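**Q** this is a predicted model, with the sequence first.
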Amino acid sequence: MKTTKVTKLWFSDERLFIETNKKEILSQHLHFYPRLKNATNLQRNEWKQSYGGIHWETIDEDISFESFHWSDNDPLRLYHQEVSNNG
């Protein structure tokens, strides 16, 4: 089984981006990861790749590669969908 390898990792104000060895650019909204959202640039840059994802030791945060492929990782859209479904 081939594993995903992160070749580049960067942040915008609200998102985490990765580029993989397959030249995919994937992102996640930082709303789901408050420790990462509130981390300093130094803490954000101290990451390592694990077998199944990315790990930040100093803030004890893990993000799986699988989660980058979920169909909709925009928390505002999920929130509005949940609100409209519940009432």
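**A** Noted; the coordinates are in hand. The structure displayed is predicted, hence computed values, not measured ones.
**Q** name the element the most centrally placed residue in the chain belongs to?
**A** Taking CA atoms, centre = their mean, the centroid of the chain lies closest to Gln28, which sits 4.0 Å from it. Element membership for Gln28, per DSSP states H and E: strand 25-29.
**Q** can I get that strand in CSV, CA atoms only?
**A** Listed next in CSV are the C-alpha coordinates belonging to strand 25-29 (Å, rounded to 0.1, in the frame of the first residue of the first chain):
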residue,chain,number,x,y,z
ILE,A,25,-3.3,20.2,-3.2
LEU,A,26,-5.7,19.5,-0.3
SER,A,27,-7.1,21.6,2.5
GLN,A,28,-9.0,21.6,5.7
HIS,A,29,-10.7,24.4,7.6
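**Q** could you pull out the strands for this structure?
**A** Remark: strands assigned in the chain by DSSP state E are 6-11, 15-20, 25-29, 47-49, 53-56, 61-64.
**Q** could you find the closest non-adjacent residue to the residue nearest to the centre of the chain?
**A** Leu16 (5.0 Å; CB to CB, 6 or more residues apart in numbering). For the C-beta atoms, the positions are set from N, CA and C on the backbone; glycine is no exception.
**Q** so what's the one you found up against?
**A** Listed by CB atoms under 8 Å, 6 or more residues apart in numbering, the contact partners of Leu16 are Leu9, Trp10, Ser27, Gln28, Leu30, Tyr33, Leu36, Ile63.
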